[in-house]
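K.L.:
Next come a sequence and a model predicted from it.
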Amino acid sequence: MSLEPAFVARPHTGLAGVVQSIAKYVKILKVSLVERMAYRGDFLLGTVLRFLPMISSIFLWKAVYEGAQVDSLSGYSYSQVIAYLLLVHISRMFSSMPGLAAGVARDIRDGNLKRYLIQPLDLMAYLLSYRMAHKIAYIATSALPYIGLFGLCWGYFDTIPSFQVFLLWLLSLVLAFFLGFFFELTLGMLGFWMLEISSFLYLVNTLNFFISGHLFPIDLVEPSWLASLFKMLPFQFLAYFPAAVFLGKVPPEQVLPMIGLQLFWIVVFWATARVLWRFGLKRYSAFGG
Amino acid sequence: MSGFMRFPRLLLSFAKFSLASEMAFRWNFLMKVGLELLWLAILIIFYRTLFVKTDTISGWTETQYLFFVGCYYAMEGVIETFFLENAVEFSELIRKGDLDFYLLKPVDEQFMVSFRKVDWSTAPKVFIGAILMSIALYQLGWQWEIGRVLAFIGLFGGGILLAYGFLLTLASTSVWLVRNQSLMELWWLFTTLMRYPREIYQSGWAWSLWLFFSLVMPVMLVVSIPAETMVRAIHPFWAIWVVISSIAVLWASRKFFRRAIQSYRSASS
Amino acid sequence: MSALIQVQNLCRTYKVQEKSPGFLSSVRSLWARKYKTVEAVKNVTFSIEPGEFVGFLGPNGAGKTTTLKMLSGLIYPSSGTATVLGFVPWEREDPFRRSFSLVMGQKNQLWWDLPAADSFELHREVYSLEKTAFKKTLGELTELFGVERLAKQPVRELSLGERMKMELIASLLHQPKVLLLDEPTIGLDVVAQVAIQKCLRDYNEQHGATIMLTSHYMKDVEALCARVLVIAQGELIHDGTLASLAGRFGREKILRLHFEGTAPPSWIGELGEATIEGPVVQMRLDRSVVASAVSRVVAHGRLIDLLVQDPPLEEVITRLYAEGAIQSAAASSKEEAP
C-alpha cells in the first residue's frame, strides 16, 4: 500500500467536499470488499489458523489452574482467562494496522512524497480513510467465521456484560482503532530520520504485542510492578483494555476515566504524528527528495 | 577433492559468507539480536508468571520447566539459524520459478537448499538456551550422569532432525499448493505444539492430539523427550520412537523434496 | 565423430495448470485440474562442433530459453534426444554439471552484499577447484574482463555491466567446455554490450570453448556468431550463416545514390519510392529489379556514389516473424539445412 491516492480530484469545499469524501470512501470500501471476497476460502482458512494456537493456551492454562488448585488467579477464573484470550483477538481486529508504518517508511525512502509538497493533499487524512474503509470491510467479512468460532467457545463466557458495558466495550474498540492508527503512523514518520527501519519496526511491534496484553491478561503479569508499569502505558488500550471492560475486570467507576485516558493518548499520538510529518517534510524537501 | 568432507567444508564456507553478509548491515543485525533477546525476556516473564501462580504444570516443577524452556529456546535457535531462512527462500524460489541456481551446481540440491544461508542473528539463542538449561540443572542439584547426557544429546539431535524434516516437507509443498499464508506463519503454528510439555495435552479431547502428534507426526516429542530425559525420567519407548521417527521423517522428507523438484522441473518452462 | 552438442527431434510440450491463488483453490485443484497445452519446442534438430560460437535467435516465447534449459538439464524434454559433451543433460550427472555453465541475463547468482571475490571463492568450494589453478584462472579472467579493481567491491555497488562481467567470470571459473548464454546483454548500455561482446569473443578464441548465445540484439549476434539458429514458435527455421539468412529471407535491397549537382534527375521517382535529401536518394527495391535500376541510373544519371545494401538484419527478422513466412520457410528449410 503506497501513498498513492485512489484518484486525485480537485478538492471541493463545503457540502460538495463532504459528498466527494463520502464518494471516495465508498469506492475504497467497495474495492476492499471485493478483494476480500475473492480470497474468502483462503480467508476462512487464515482465520482458523489464527485461532489454532488457542488450543495450546487452553490446555496450558488448564494445567496451570489445576496445578495451582485455586479457582481464581489475580481475579481471573480459568474460563475468564480463555475468554480474555479470545476477546483479545477482537481487540486486535480493530487495532492492528499491518503494513502501515512500513508503507509510510517505504514511501519516504523511495521518494514518493513529492505530491504532498506541491498539492494541498493531506497524507494523514488519506491514510486514515483508507484504513477505515479496509477495516470495515475486514470486520464485515470476518464477522461470520468469528461468530462461528466464538459460538464454539461459548462455554468460556460465564458472565454476560450488561448493555451499558457492551456499548462501552464497542466504544473502546473503536478508540483502539484510532490509537493503533496514530501510533503506527508515528512509527512510520520515523522513516524520515531512520533509513533502515524494518527491523526496528519488528522489534517495536513485538514489544507492543507483549506490553499490550496479547499473551495473557496484564493483571496476571509477575512481578507485579511490571504489571503496574504496563497499565500506565498507552499500549494496554490496543488489546487488554477492551477485553477487560467486556469481562468486567475494570471497576465501573474507572471505565469512563480510562476511556478518557484512551482518548488522551489518541490525541498525543495524533499530535506527534503531525509534528513529525511537518518537520520530516521540511527535512525531506531540503534534501531534494 | 570430493567425498564426504566436502559438505562440512561447504557448510563452513556458507557460514563464513553469511556472517560477512550480515555484518554489512550492522544496525539491522543488532536489531535482530535485540529482537531475540526481547523474545527471551517475554518467555522468561511468561514462565515466571506461571510459576508464581502454581508449583507444577502437568507434573513439571518450576526448575524442570526452566530446563524445558532452555531446551526449547536452544532447539529453536538451531532451527532458525540453519534452516528457517533457507526454507522460506526455497518456498519463494519455487513460487517464482527460480530454482535454477540450485539445480545447476554439482552439489546435492537438498544440501544447497537447506544450508545456503546461516542466520547468525539467531545463533546466540543456542548458547542462551544452554545457559538456561545449566541454571536449571544447577538449581535442581542435578548429578552428572554420562548416560543421561549422551541420551540427551542424541535425543536433542533427533528432535532437530524431526523438526528439519517437517520444515523441509512444508516448504516443498509450495510446488503444488499456492497459499497466501507465509511459510513462517505455518511454521509458527507448528511450533506451538512443541513449545509446551506435551503432558498438558493429556486431558479431555486433547488426548487425540497427544496421540496423533506423538505417534504419527511426532512434533510434540521434539522438545519434550530430550528435556524429560535430562531432568525427569527416561522413557525408553519414547526415546527409541524419537530415534526411529527422526530417521523415518528424514528419509520421507528427502523423498518428498526430490518429488517436488521433479514436479517443478516437469512443469517449468 | 559425434558433435559436442547434438540435438535430435527435441520436443517440449507442457501443460500449464491454470492456478488460481488461494489455498482452497489449490486443494480443489488437486483432483480437478484445468490445463492449457503449450508446445514450446517442436522437433528441433541441430548439432554443434567444439569451439563453435553459435547464435540462437527468435522472438519472445519462441522456445530459445526452453531449449537452452533442456540442454542444461533443468527441464525434461517431452520427446527427442540431446547429448552435450556425451552426457544426457537432464540426468544431471555431476561430471556434466562441472563441465558447462548457464548464464541468464538479469538473473543474479552472486551474493548481493559481498564482494564478487567472495562469491568466486564460494564457487571454488562448490566446484571443488584446486587453489593454485583457481587463482591463475581467476587472474586471467579478471584481466580479460578488465575488472581487477572491482572484485573487492560489494556486488550491489557495481553497475549493471560490471555485474554482468562478474557473473560471466563466475561462470567461467571452472573452465567449462560449454557455455550457454541466455540474453547476457539485456538491459545493458551499448558500451557495456560491446565490452562483453569483446570478452566473449576473446574467450572463445583463446580457450576454444563452445558457446551458444541467445539474444534479442542483432549486434551481439552479428559481432560474435559465425553461425545462427533461428527458432520461431518452437520450430527451427534457419541454420546457417547470417549472410545466408538475409539472402534467404530478405527480398529487398537498399539503394543509396549520390548524384552530381544539387538534385537527382527528375525521372528517379519512376524506379520506385524514394527518399530525397538534396542530391542524395535512398530507395528500397525488390531484389529482382535492382540490376535494371542500377544500370539505368548508371547509364542516364551522373553519379558520385552508389551503394547497394541488404536491409538491416533486424528488419529482415522482424518481417520474417510477422509475415508468417515461417510456415513456408520451415517447409523449405528442412530440405536445405545441413
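P.N.:
Yep, that arrived.

K.L.:
Could you give the separation of the helix or strand hosting residue A:272 from the chain centroid?
P.N.:
Assigned by DSSP states H and E, residue A:272 belongs to helix A:252-286. Distance of helix A:252-286 from the chain centroid (C-alpha atoms, centre = their mean, to the nearest Å) equals 15 Å.

K.L.:
same thing with stretch A:173-180?
P.N.:
For stretch A:173-180, the distance to the chain centre is 6 Å (C-alpha atoms, centre = their mean).

K.L.:
what residues does it touch?
P.N.:
A:90-91, A:94-97, A:132, A:135, A:234, A:237-239, A:241-242, A:259, A:262-263, A:265-266, A:269 (C-beta atoms under 8 Å, 6 or more residues apart in numbering or on different chains). C-beta: built from backbone N, CA, C; applies to glycine.

K.L.:
follow-up on the earlier one: any idea of the mean pLDDT for the helix holding residue A:272?
P.N.:
The average pLDDT within helix A:252-286 is 89.

K.L.:
Sketch out the low-pLDDT regions of chain C for me.
P.N.:
Low-confidence segments of chain C (pLDDT under 70): C:1-2, C:17-27, C:29-31, C:33, C:248-250, C:313-314, C:319-338.

K.L.:
Counting residues, which helix of it comes out longest?
P.N.:
Longest helix in chain C, counting residues (DSSP state H): helix C:190-207.

K.L.:
where exactly do the strands run in chain B?
P.N.:
Remark: strands assigned in chain B by DSSP state E are B:56-57, B:60-61.

K.L.:
What ranges does the chain have for its strands?
P.N.:
All of this refers to chain A. For chain A, the strands defined by DSSP E occupy A:72-73, A:76-77.

K.L.:
sorry, should have said chain C
P.N.:
C:5-17, C:35-48, C:53-57, C:79-84, C:100-104, C:178-182, C:210-214, C:227-232, C:235-240, C:252-259, C:274-277, C:280-286, C:303-309.

K.L.:
which stretch among the ones you listed comes nearest chain A?
P.N.:
Chain A lies closest, by C-beta to the nearest C-beta, to one member of the strands of chain C: strand C:5-17, at 17.6 Å.

K.L.:
List the neighbours of that closest one that are in contact with it.
P.N.:
Residues contacting strand C:5-17 (C-beta under 8 Å, 6+ apart): B:266-269, C:29, C:33-48, C:63, C:66-67, C:70-71, C:75, C:77-85, C:178, C:210, C:212, C:234.

K.L.:
Of those residues, just the buried ones, ChimeraX syntax please.
P.N.:
In ChimeraX, this line selects whichever of the contacts of strand C:5-17 come out buried by 16 or more other C-beta atoms under 10 Å in any protein chain shown:
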select /B:268,269 /C:29,40,41,42,43,44,45,46,47,48,63,66,67,70,71,75,77,78,80,82,83,84,85,178,210,212,234
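
K.L.:
Quick check: mean pLDDT of stretch B:178-192?
P.N.:
Mean per-residue pLDDT for stretch B:178-192: 83.

K.L.:
Any part of that stretch near chain A?
P.N.:
Yes - applying C-beta under 8 Å from any C-beta of the partner chain, one finds stretch B:178-192 touching chain A at B:179, B:180, B:181, B:185, B:186, B:188, B:189, B:192.

K.L.:
which parts of chain B sit against chain C?
P.N.:
Listed as neighbours of chain C in chain B under the rule C-beta under 8 Å from any C-beta: B:1-2, B:6, B:9-10, B:13-14, B:17, B:20-21, B:24-25, B:98, B:100-101, B:103-107, B:176-181, B:265-269.

K.L.:
Can I have the buried ones of those residues as a PyMOL selection?
P.N.:
Entered in PyMOL, the line below selects the buried ones among the residues of chain B next to chain C, by 16+ other C-beta under 10 Å:
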select buried, chain B and resi 6+10+13+14+17+21+100+101+103+104+105+106+107+176+178+179+265+268+269
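
K.L.:
So which of the residues of chain B next to chain C are in helices?
P.N.:
Using DSSP H, those in helices are B:6, B:9-10, B:13-14, B:17, B:20-21, B:100-101, B:103-104, B:265-267.

K.L.:
Which pair in those has the greatest spatial separation?
P.N.:
Pairwise distances across those peak at 37.3 Å for B:20 and B:266 (criterion: C-beta to C-beta).

K.L.:
got a list of what residue A:239 touches?
P.N.:
Residue A:239 touches A:88, A:91, A:92, A:95, A:176, A:212, A:213, A:214, counting by C-beta under 8 Å, 6+ apart.

K.L.:
and if we set it to 10 Å?
P.N.:
With contact taken as C-beta atoms under 10 Å, 6 or more residues apart in numbering or on different chains, residue A:239 is in contact with A:84, A:87-92, A:94-96, A:176, A:180, A:208-215, A:217-218.

K.L.:
Neighbours of residue B:136, how many?
P.N.:
The number of residues packed near residue B:136 is 23, by other C-beta atoms under 10 Å in any protein chain shown.

K.L.:
Closest to the centroid, which residue in the chain?
P.N.:
Using chain A. residue A:95 (1.0 Å; C-alpha atoms, centre = their mean).

K.L.:
oops, chain B please
P.N.:
In chain B, the centroid-proximal residue (C-alpha atoms, centre = their mean) is residue B:79; its distance is 3.7 Å.

K.L.:
Fine by me, we can end here.
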